[in-house]
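Novice: build me a model:
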Amino acid sequence: MEFQEVVARRRMVRCFEDRSLGRETVEAIVASAGRAPSAGFTQGVELLVLVGAQETARYWDVALPEDRRAGFRWPGLLHAPLIVVVFAHEQAYIDRYAEPDKRRARRLRSGHGGLGQWPAPWWIIDASFSALLVLLTAVDRGLGALFFGVFRPDEVRDAFGVPDAYQPVGAVAVGYPAPDQPSQSLRRGRRPVQEVIHRGHW
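Specialist: Residues are numbered from 1 along each chain as shown. Below is the predicted model:
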């Protein structure tokens with residue numbers, strides 16, 4: 001599939017067939033996340049990869065327990081055979097930008113040699129890049145995917161032994177798409193490109 005077709009076909013899929021993924025497909029999807037850009041090549045993004053009905057069911061038992069599923073609009077989401085939870089590690093960036101080769105960048109930000117204010121939370125940005133590559137690789141493999149927030153993040157960390165220093169930025173469910181009910185947000189329509197892009201000035 002051509003890259004522009006992958007981009008054009010990407011959408012959030014909220015219902016999946018109850019069908020497993022091959023190991024090679026899972027490994028390709030996960031490996032793509034590691035190719036994301038990384039500020040200072042810090043590589044402070046880590047993934048919790050849950051494959052198959054048993055592991056994904058453990059996730060949903062924590063994030064969306066049975067007593068909270070009544071009225072859940074997208075029950076087919078729970079059939080996804082792969083969930084990739086993306087975590088950002090802020091301290092890794094603080095440590096990286098305290099290293100000798102980053103001293104100049106540190107001085108420019110703070111004006112006095114301290115860490116100062118980050119121009120943007122690069123750990124969150126890098127984690128978002130990784131999640132996007134998971135989404136795009138899924139489409140390239142003929143699959144569907146959904147990026148969604150991590151419900152009950154503290155409980156998810158506890159259940160899977162994730163250290164407190166790692167912040168869940170979101171999760172990506174991946175699988176074979178089944179007919180689903182599109183989000184009502186799509187009624188807003190996509191903004192025309194001429195409204196979004198400012199060429200030369202705002």
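
Novice: partners of the longest strand along the chain in the sheet?
Specialist: Looking across the chain with DSSP state E, the single longest strand is strand 167-175. Strand 167-175 sits in its sheet next to strand 82-88 (antiparallel), strand 144-148 (antiparallel), going by DSSP bridges.

Novice: hey, which of those is tucked in deepest?
Specialist: strand 82-88 (a mean of 25; mean count of other C-beta atoms under 10 Å). Backbone N, C-alpha and C define where each C-beta goes, glycine included.

Novice: following that strand, which helix or strand shows up next?
Specialist: Next along the chain after strand 82-88, taking DSSP states H and E as the criterion, comes helix 90-96.

Novice: check which helices and strands that next one sits against.
Specialist: Judged by 3 or more C-beta pairs under 8 Å, 6 or more residues apart in numbering; DSSP states H and E, helix 90-96 is in contact with helix 122-140.

Novice: what's the helix it packs on packed up against?
Specialist: helix 3-9, helix 23-33, strand 45-51, strand 82-88, helix 90-96, strand 144-148, strand 167-175.

Novice: mean confidence score for it?
Specialist: The predicted model assigns helix 122-140 a mean pLDDT of 96.

Novice: any idea how far it is from the chain center?
Specialist: Chain-centre distance of helix 122-140: 5 Å, with C-alpha atoms, centre = their mean, to the nearest Å.

Novice: rewinding a little: for the strands paired with strand 167-175, which one sits closest to Met12?
Specialist: strand 144-148 (4.9 Å; C-beta to C-beta).
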